[in-house]
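Give the three-dimensional model of this entry:
(chains A, B, C and D)
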Protein chains: 4
Amino acid sequence: MASNKIRIVLVGGSGYAGFEAVRWLGRHPNAELVGVFGSSKNLVPLDELYPLLTKQVSMRQELFEIESVKKLSPELVILCVPHKVAMSYVPLLREAGIRCIDLSADYRIASAEIYEKWYCPHTDTEHLKEAVYGLPEFFSSEIRSANLVANPGCYPTCSVLPLAPVLKAGLIEPTGIVINAISGVSGAGRTPSQKFHFPDRNENFEPYGVGNHRHMPEIEQTLTTILGGAVEVLFQPHLSPMDRGMLCSIYARPAAGATAQKIMEALHAEYDSKPFVRVRDDVLPATKYVSYTNYCDVTATLAKGTVVLFSALDNLLKGASGQAIQNMNIMFGFEETTGLY
Amino acid sequence: MASNKIRIVLVGGSGYAGFEAVRWLGRHPNAELVGVFGSSKNLVPLDELYPLLTKQVSMRQELFEIESVKKLSPELVILCVPHKVAMSYVPLLREAGIRCIDLSADYRIASAEIYEKWYCPHTDTEHLKEAVYGLPEFFSSEIRSANLVANPGCYPTCSVLPLAPVLKAGLIEPTGIVINAISGVSGAGRTPSQKFHFPDRNENFEPYGVGNHRHMPEIEQTLTTILGGAVEVLFQPHLSPMDRGMLCSIYARPAAGATAQKIMEALHAEYDSKPFVRVRDDVLPATKYVSYTNYCDVTATLAKGTVVLFSALDNLLKGASGQAIQNMNIMFGFEETTGLY
Amino acid sequence: MASNKIRIVLVGGSGYAGFEAVRWLGRHPNAELVGVFGSSKNLVPLDELYPLLTKQVSMRQELFEIESVKKLSPELVILCVPHKVAMSYVPLLREAGIRCIDLSADYRIASAEIYEKWYCPHTDTEHLKEAVYGLPEFFSSEIRSANLVANPGCYPTCSVLPLAPVLKAGLIEPTGIVINAISGVSGAGRTPSQKFHFPDRNENFEPYGVGNHRHMPEIEQTLTTILGGAVEVLFQPHLSPMDRGMLCSIYARPAAGATAQKIMEALHAEYDSKPFVRVRDDVLPATKYVSYTNYCDVTATLAKGTVVLFSALDNLLKGASGQAIQNMNIMFGFEETTGLY
Amino acid sequence: MASNKIRIVLVGGSGYAGFEAVRWLGRHPNAELVGVFGSSKNLVPLDELYPLLTKQVSMRQELFEIESVKKLSPELVILCVPHKVAMSYVPLLREAGIRCIDLSADYRIASAEIYEKWYCPHTDTEHLKEAVYGLPEFFSSEIRSANLVANPGCYPTCSVLPLAPVLKAGLIEPTGIVINAISGVSGAGRTPSQKFHFPDRNENFEPYGVGNHRHMPEIEQTLTTILGGAVEVLFQPHLSPMDRGMLCSIYARPAAGATAQKIMEALHAEYDSKPFVRVRDDVLPATKYVSYTNYCDVTATLAKGTVVLFSALDNLLKGASGQAIQNMNIMFGFEETTGLY
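Predicted structure coming up:
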């Protein structure tokens, strides 16, 4: 049976996205996790880091060495390491002819200049050129043949999915868009700090990153690409006291002639045939309707002369590892929903 | 000692606002709760409804009868009953010469016509005329001599406090303002339903009341009154999985010449001398910094050409019963902060 | 492909256990949900009850009628209806020759007399005789050929798994055992009430059912059956403010010669070869290590002359629907772990 | 007005207990916080550590120097520093003639030998002799005249209060007592770590400290003192995913002749006249009934031949700073409930 399965190597198993990738790969009928590598020297077996995995996956994490990876003959490497680390590994993997899905930000921003303004010097502009932005609802044909997929950020996925069809249909103005987003705390990663200490975080809701969150340029680039014209957004994230889940409330000025019905039609036209976006006529999006799933729920209306869009997803699934598996399915010709129930 | 204290009657002790009023009145050095009345026939002692109160307050709730209230000779009646019920009691209380603070919506909207559009027929337009809107930061002189104070809604308090000084200073446009608000679940009241059932609500974040929340006209009326010119807002509430706390993220277009510094100066000029609003230069507002207090924290900045304001308060205190006690302090000549530490 | 799959009918899709059954059956490679029936007249489609299921399962729930069920030719009916309702359906299903897994209490207690003391009159003592208690770790050979499996309660599963091997090994006294258990709130079901209203339940921990929880006789019966001698326990449940998860802390008197090592050896001997019980040498059981899995984690030690055992599971999976699927796997000859990753 | 107030110095304002002490002292009509000192060099103003305190308390924390403390002429020093630090400060304070309430463990264990077994070498056995254990329900006359009060631990308070009257009345056996306790996460202090990282802690319930929690000898010593005969307990703590609150479920063997009624009578006889312990006939103790109060709720029953006692308190109030203020009230002749509503 294993012979039917593609061989997957995971790089970076210690964060929450890596953990979810392990969990969901374990459910996938056509993929097999054959090795896990990490970037730090203190590498412990996966089930020591995550006792939930005992009896499922007890693999050691090895220190990333390209020769060790090659020995495992993976068809695909999924990288869940931090930005900067990712672009030190990808060139080695690509030179070895291995296809990659990178969950870091390193290959998401097409312009190295913009990347460097928000992150750090880019050290692999060569492969940056071949990277495909892994938002399957809009770039599935490029993803199919891609060798390097830059898996989108959670906030960009949640922001772009509701906005793109409405922008494309010319129903909202492409500037002055406000994206008010909230995330569960797992979105902030696994490193403890005062800000995420349970008694400081529980029963607490707060904004952060005003005007300077790194997902803002990614959102603008993606929408601009899809629209074929400049899109400008103000992106404002907040933390909500919950493990997981993300919800965007988006406010935009209607273009001439826009109606709530036309906006909903544009969303339905785009997504009714796509498996993981659900256009909601029945209920407003809520994080619990999408948690532990790969769905993104969207809806829209007009209120007091403003277009209001809502979207929700699970930040660790459609916002990270679920979307990576969706991309994997497309890259390897599996049905898009395989293993993602 | 009791002789120094004003005599307070509470009408409506069974909801969360009534409960908080009881708790905080118990700490007040100059006020004494002398009776509790309710509107339904199934009236149980307070400490049966709220076992937390045992050994503190064991009063029975009696069915509201104006004669029974009068026998207690209260200087003040605080009403924590639903709208519609409030305006059936207030005329009786006012005719008996008793001063009132009403936490319902019945006397908040000056125009009976607007009230009736959002709520129900108004049956006490006579006393509506004498009602004073109980936002102490802007109407303290009227509150001082008021016989009937309409205690503001939680969302209006949290929305108006950050916006008013900036509008007055002419630093933002008075239209196209978006108020993205979140509330803890106690804001939805004490009646159980599927929506608020713990396993459905926990780990869940969702919007509600799109374009039709009843606090929207109250916000617009109050800002319009303070500014002396029409203000239009889009108010969008959400539920966050936490007991208490409220946070508004507000987006507005800057007027010509507006800078982040000028906006912060306008906030400081308004509030530095006022005890319960804190203008934050140090941290962004967060609900945990205000929970179980009567503070409202506000701050502002400019981001990508948009004015962004944040405000936070405890929906049951500065958003309800704490503000009522602040109003009581003003009405009876106590220091504004008395009993509200 | 569907031809390889067994046909499953679910009766009772509206509760949390039914919902989880739907979710996990959807992942199962060898089973297909072909119909959903309910016991009340107000039957809505599954994805209206649970918007999470949209685009996955949009089946209507029909009113249970034996003829309608038979038309679907199911190999198995899984019942997630309340006790009493279950025993009104099972006779009809069994007479139609359909195998059943019942998640209610109706067929768990072998003695109708004891059942009636704790629940209500038993109206199907005939099939009670053929029912097999569906705890796979101890009764898998009976389950394999069973026509009617009584799926264990969540608390009994979590209590019996740590205790049984230690009792069998003669390492603890069979009387005076105290089981201090906690459950997440989903264990209390989906019906809203004051007790489970979010602001009353959040930040709240409390005991309930002192000395009279219905799972107590089920625990005693099962342990007595496994030991072949009377076992007496005091079972004390509590609610913890979380969605899901269950943890038992069990205190027992050591038998002569018992040591911590021998107790752990007894647990390892029983469970090392079984897929869904994990004997923990590395960490203490915690609900997060088992949530959204079908595992039960157990461990034991001796402290101050008392044997202390801990166990944890997800009340909706190993404590309900996951265990039902595990039983289904055994009944139909699939590998025990199929579809339960 | 200040002249009527006793002058309080707080040592250790940065932890949660220090924070609560500041909050509640601010409400106290007869006490005034005149200075805050800390043990580390990185001392920031209180409202920088706790933005909730802005506009209430903006005191700097100074590095502890006995001369600086003396200059403030405090009538009382409340110490909220870790054990070991406390016993380096107390001798200096006592030699300066200042009365102290110490919230650390340093003066709770009368026997230096036992202390040293569980903590570290004791460096102030001289003042250990004069220390009074600050459980007001049992030692109020000693507290009244004490110069050094060792404020009890949260778990010992919650364990001793239900057990002591029942032991004294001879209604349970003094050995083989099991105390199954749970605490909110604030009980673990303010230092971030993986274990208390929000996404690891939320939706998670787990035991810890099996057989080796430092509060066990404190519980045994206190009960032994009160009973006048050896008491042995097994104390087992757990963490529940909530900010605050503590609940003990206690199991003991009944002595001959014990009945549920007699046990309740023993509790009522002890506590009906005491302001902060409530014997519950109406409801079972639950953490929400005591949170943000100084109450401890207790109740008892007999179930299956075992005496079951429950108790609940707020770990930061009756379990720490509230009890410290209760002790202060007794030491300075104020009514016991002053400032603790």
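
For residue A:62, give me its contacts.
A:35-38, A:43, A:68 (CB atoms under 8 Å, 6 or more residues apart in numbering or on different chains). Where C-beta positions appear, they are placed from N, C-alpha and C, glycine not excepted.

Which of the residues you listed fall in strands?
Cross-referencing these against strands under DSSP state E gives A:35-38.

which intervals of chain A have sub-threshold pLDDT?
A:1-3 (pLDDT under 70).

let's see 80
Within chain A, the stretches with pLDDT under 80 are A:1-3, A:41-42.

Quickly list the domain ranges of it.
When chain A is parsed with automatic domain parsing, its domains come out as A:6-151+A:320-331, A:155-313.

Can you tell me which of those is nearest to residue B:290?
domain A:155-313 (10.4 Å; CB to CB).

Quick one: distance of the closest one to the chain centre.
Its chain's C-alpha centre and that of domain A:155-313 lie 13 Å apart, by CA atoms, centre = their mean, to the nearest Å.

who touches residue A:314 in this structure?
A:244-246, A:287, A:290-295, A:322.

The same query, at a cut-off of 7 Å, please.
Residues in contact with residue A:314 (CB atoms under 7 Å, 6 or more residues apart in numbering or on different chains) are A:244-245, A:290-293.

got it, and residue A:26?
Taking CB under 7 Å, 6+ apart, one finds A:56-57, C:341 in contact with residue A:26.

Can you list phi and psi of it for me?
The phi and psi torsions at residue A:26 (degrees, to the nearest 10) take the values phi -60, psi -20.

how close does it sit to residue C:275?
Distance of residue A:26 to residue C:275, given as CB to CB, to the nearest Å: 13 Å.

Mind listing the shared neighbours of those two?
By CB under 7 Å, 6+ apart, no residue touches both residue A:26 and residue C:275.

so can I have a markdown table of the contacts of residue A:26 showing distance to residue C:101?
Output for the contacts of residue A:26, formatted as a markdown table (distance: CB to CB, whole Å):
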| residue | distance to residue C:101 |
| --- | --- |
| A:56 | 24 |
| A:57 | 29 |
| C:341 | 20 |
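
Compare these and tell me which is most surrounded.
residue A:57 (21 neighbours; other CB atoms under 10 Å in any protein chain shown).

So residue A:328 sits against residue A:101, correct?
Yes - between residue A:328 and residue A:101 there is a contact at 6.4 Å, judged by CB atoms under 7 Å.

joint contacts of these two?
Joint contacts of residue A:328 and residue A:101 (CB under 7 Å, 6+ apart) are residue A:76.

which residues does the closest residue to residue A:212 other than its chain neighbours contact?
Spatially, and ignoring its direct neighbours in sequence, residue A:212 is nearest to residue B:303 (7.9 Å; CB to CB, 6 or more residues apart in numbering or on different chains). Contact analysis of residue B:303 by CB under 7 Å, 6+ apart lists A:210-211, A:234.

and which of those residues is nearest chain B?
residue A:211 (3.0 Å; CB to the nearest CB).

Next up, phi/psi of that closest one, please.
Residue A:211 adopts backbone torsions of phi 70, psi 0, taken as degrees, to the nearest 10.

I'd like to know how far the residue nearest to it when sequence neighbours are not counted sits from chain D.
Once flanking residues are discounted, residue A:211 sits nearest to residue B:303: 3.0 Å by CB to CB, 6+ apart. Distance, residue B:303 to chain D, by CB to the nearest CB, to the nearest Å: 22 Å.

again, but for residue A:217
For residue A:217, the distance to chain D - CB to the nearest CB - is 27 Å.

Now do the buried residues in the host helix or strand of that residue.
Using DSSP states H and E, residue A:217 sits in helix A:215-227. Neighbour-count burial for helix A:215-227, with 16 or more other CB atoms under 10 Å in any protein chain shown as criterion, is recorded at A:215-223, A:225-226.

Residue A:230 in helix, strand or coil?
Assigned with DSSP: H, G, I helix; E, B strand; the rest coil, residue A:230 falls in the coil class.

right, and it touches residue A:177 too?
No - assessed by CB under 7 Å, residue A:230 is found out of contact with residue A:177, at 11.6 Å.

More neighbours: which of these two?
Between residue A:230 and residue A:177, residue A:177 has the larger neighbour count (other CB under 10 Å), namely 26 against 10.

I figured the more buried one hits residue A:233, correct?
Yes - applying CB under 7 Å as the test, residue A:177 and residue A:233 come out as touching, 4.4 Å apart.

and which of the ones in strands among the contacts of residue A:62 is nearest chain B?
Minimum distance to chain B across those is 28.2 Å, recorded for residue A:36 (CB to the nearest CB).

on that earlier part again, so can I have TSV of the domains of chain A showing distance to residue B:132?
Output for those, formatted as TSV (distance: least, CB to CB, whole Å):
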stretch	distance to residue B:132
domain A:6-151+A:320-331	51
domain A:155-313	28
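
Please work out which of these is packed deepest.
domain A:155-313 (a mean of 22; mean count of other CB atoms under 10 Å in any protein chain shown).

same for the top helix by length along chain A, what does it pack against?
Counting residues, the longest helix found in chain A (DSSP state H) is helix A:154-168. Helix A:154-168 sits against strand A:177-183, helix A:215-227, strand A:233-239, strand A:246-252, helix A:260-271, strand A:296-303, strand A:306-313, with contacts defined as 3 or more CB pairs under 7 Å, 6 or more residues apart in numbering or on different chains; DSSP states H and E.

Taking strand A:177-183 as reference, get the angle to it.
Orientation check (axes from the mean of the first three to the mean of the last three CA atoms, to 10 degrees): helix A:154-168 against strand A:177-183 gives 150 degrees.

give me the beta-bridge partners of residue A:62?
residue A:37 (DSSP bridges).

For residue A:85, give me its contacts.
Applying CB under 7 Å, 6+ apart to residue A:85 gives the contacts residue A:39.

Let's see that with 8 Å instead.
Going by CB under 8 Å, 6+ apart, the list of residues near residue A:85 reads A:12, A:39, A:104.

So the nearest residue to residue A:44 once chain neighbours are set aside versus residue A:46, what's the distance?
Leaving aside its chain neighbours, residue A:44 sits nearest to residue A:61 (6.8 Å; criterion: CB to CB, 6+ apart). According to CB to CB, residue A:61 and residue A:46 sit 7 Å apart.

for the domains of chain A, which one sits closest to residue D:73?
Nearest to residue D:73 among those is domain A:155-313; the distance by CB to CB comes to 34.6 Å.

Look up the closest residue to residue A:201, ignoring the ones flanking it.
In this structure, residue A:201 finds its nearest non-sequential neighbour in residue D:198, 4.2 Å apart by CB to CB, 6+ apart.

could you give the angle of the helix holding residue A:217 to helix A:154-168?
Counting by the same axes, to 10 degrees, helix A:215-227 lies at 30 degrees to helix A:154-168.

quick one: contacts of helix A:215-227?
Residues from elsewhere that reach helix A:215-227 (CB under 8 Å, 6+ apart): A:105, A:108-111, A:114, A:117-118, A:133, A:135, A:138, A:152-156, A:159-160, A:163-164, A:167-168, A:174, A:179, A:230-235, A:237.

Setting aside sequence neighbours, what's the nearest residue to residue A:147?
Counting by CB to CB, 6+ apart, the residue nearest residue A:147 is residue A:99, at 5.1 Å.

Can you name the residues that contact that neighbour?
A:75-77, A:146-148, A:331 are the contacts of residue A:99 under CB under 8 Å, 6+ apart.

Where strands are concerned, which of the residues you listed count?
Those of the contacts of residue A:99 lying in strands (DSSP E): A:76-77, A:148.

Which one of those is nearest to residue C:81?
Taking the ones in strands among the contacts of residue A:99 together and measuring to residue C:81 by CB to CB, the closest member is residue A:76, at 44.8 Å.

So that closest one sits against residue A:10, correct?
No - using CB atoms under 8 Å, residue A:76 is not in contact with residue A:10, being 9.7 Å away.

returning to what we had before: now do the helix holding residue A:217 against strand A:233-239, angle only.
Using the same axes, to 10 degrees, helix A:215-227 lies at 130 degrees relative to strand A:233-239.
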